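Q: quick one, what's the 3D model for this:
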Amino acid sequence: MPVPDALLKAYAANAGANVFLVQHLDPAVWRAPSPIPKGRTIAAMVAHLHNCGLRYLERTAPDAPVPGELHRSRSTRAEAVRALRAKKRAVLAIVGPVLRGDGRIVGFPYDAAAYLAYYMIHDGHHRGQIVLQARLLGHPIGRATMIGMWQWSARARE
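A: Take a look at the predicted model:
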């Protein structure tokens, strides 16, 4: 598989894992106050996960459909799922051609491959925080969901 395609497939699986996790969260944890001092709610973490990187997409492809930001305290899980899916589509549509072209994401300090890697790492970090916070709130993520996040072939199709 050509490297650009492999990177896009990996990003698709990563983005699908975000959707899968949000879909399988216990509703009780979505806006529950963080048990960590000065911590964010899970809704705020998901909004942050979604909102990061959108400006680079808008700058790179001003005419492409890029989803709007999620509000950190008002967004619902259903809105988050829709937004995360829309972001996945936007990243694949915008970054894919860039990977095969000049490799630049406007305003991002590195190339398009690094953009994908950066946000896969970023997303994984926040998924870990979300999993931990759900556990601390007394609603641990179930075994099937934990395993499901790692089923990359299925997540790439989310």
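Q: in the helix or strand bottoming out on mean pLDDT in the chain, what counts as buried?
A: Least confident helix or strand of the chain, by mean pLDDT, DSSP states H and E, is helix 152-156 with a mean of 87. The neighbour-count check on helix 152-156 (16 or more other CB atoms under 10 Å) flags Arg155, Ala156 as buried. C-beta here means a position set from N, CA and C on the backbone, and glycine is covered the same way.
Q: and that helix, how far out from the chain middle?
A: Mean-position distance between helix 152-156 and its chain equals 14 Å (CA atoms, centre = their mean, to the nearest Å).
Q: now Ala144: how far from Gln151?
A: Between Ala144 and Gln151 the computed distance is 10 Å (CB to CB, to the nearest Å).
Q: the least confident helix or strand of the chain packs against which elements?
A: In this structure, helix 152-156 packs against helix 3-23, helix 143-149, with contacts taken as 3 or more CB pairs under 8 Å, 6 or more residues apart in numbering; DSSP states H and E.
Q: more neighbours: Ala144 and Gln151, which one.
A: Gln151 (13 against 9; other CB atoms under 10 Å).
Q: for that one, give its distance to Val22.
A: Following CB to CB, the distance that separates Gln151 from Val22 is 16 Å.
Q: that older thread, closest one to Arg77 among the helices and strands packed on helix 152-156?
A: Judged by CB to CB, the one of the helices and strands packed on helix 152-156 that comes nearest to Arg77 is helix 3-23, at 5.8 Å.
Q: quick check: buried residues in that closest one?
A: Within helix 3-23, the residues scored as buried using 16+ other CB under 10 Å are 4, 7-8, 11-22.
Q: tell me the one of those nearest Gly101?
A: Among the buried residues of helix 3-23, Pro4 lies closest to Gly101 (CB to CB), at 9.8 Å.
Q: give the burial count for the residue nearest to the closest one when sequence neighbours are not counted, as a bare number.
A: Residue nearest to Pro4 in three dimensions, not counting chain neighbours: Leu99, with 3.9 Å by CB to CB, 6 or more residues apart in numbering. As a burial measure, Leu99 scores 20 neighbours (other CB under 10 Å).
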